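Participant: the sequence and its predicted three-dimensional model are supplied below.
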Amino acid sequence: MVETKFLGMWNLVSWIQKTQDGKTSYPFGVDAIGHIIYTSDGFMSASLMTANRVSIGVSLEKLAIKPRYLMAIFRYLKAAATYVSYAGTYKIVGDTVVHHVQASLYPDWVGTDLVRSYVFSDNRLTLRAEDPPNATQELVWEKARKK
């Protein structure tokens, strides 16, 4: 079942990690950037990143074939560590949305289901995911408007 409230593009407002002992952190900083898109035919895509990432300064092709670009390779690894992206299909199951991952920067997610509880409030969507051990990821999204 496709819930029409999900449809469209959403901009990340905040991503907060909360532990059971009361600690709060921001995995990609308080100014993280992200978008999540849900389509009417059941597809979704999400991308999140740290703001103001450092440029790599070398094309991906050169990184793969030139060992002299070692520092650029380190910048590339840092860039990958500050970026999350995945895409696939989704379905609504009760009060959860299940993202079935078909492609991801993080290969371990491919073929898995990422389950998030959801709440709508005005033009915002909050997704919560249990992240063992003893932590919750809370992502607040705001409906994007065409300018």
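Facilitator: All right, it came through fine. Numbers count the residues shown, from 1 in each chain.
Participant: distance between the ends of stretch 26-37?
Facilitator: In stretch 26-37, first residue to last residue: 22 Å (C-alpha to C-alpha, to the nearest Å).
Participant: same check on stretch 90-102?
Facilitator: End-to-end distance of stretch 90-102: 11 Å, with C-alpha to C-alpha as the criterion.
Participant: how far away from the center of its chain is stretch 17-24?
Facilitator: Relative to its chain's centre, stretch 17-24 lies at 20 Å (C-alpha atoms, centre = their mean, to the nearest Å).
Participant: ok, then the element right after the worst-scoring helix or strand of the chain on mean pLDDT?
Facilitator: Least confident helix or strand, the chain: helix 60-65 with a mean of 68, by mean pLDDT, DSSP states H and E. The helix or strand immediately downstream of helix 60-65 is helix 70-81, counting by DSSP states H and E.
Participant: buried ones in that next one?
Facilitator: Ala72, Arg75, Tyr76 (16 or more other C-beta atoms under 10 Å). (C-beta placed from N, C-alpha, C; glycine too.)
Participant: avg pLDDT for whichever helix or strand comes after it?
Facilitator: Tracing the chain C-terminally past helix 70-81 and defining elements by DSSP H and E, one meets strand 83-93 next. Across strand 83-93, the average pLDDT comes to 96.
Participant: count of neighbours near the residue nearest to Gly29 when sequence neighbours are not counted?
Facilitator: Distance criterion C-beta to C-beta, 6 or more residues apart in numbering; nearest residue to Gly29, sequence neighbours excluded, is Thr50 at 5.5 Å. Counted with other C-beta atoms under 10 Å, the neighbours of Thr50 add up to 19.
Participant: and if you look at Ala144?
Facilitator: Considering only other C-beta under 10 Å, Ala144 is surrounded by 14 other residues.
Participant: contacting residues for it?
Facilitator: By C-beta atoms under 8 Å, 6 or more residues apart in numbering, Ala144 lies in contact with Gly8, Met9, Trp10, Asn11, His35.
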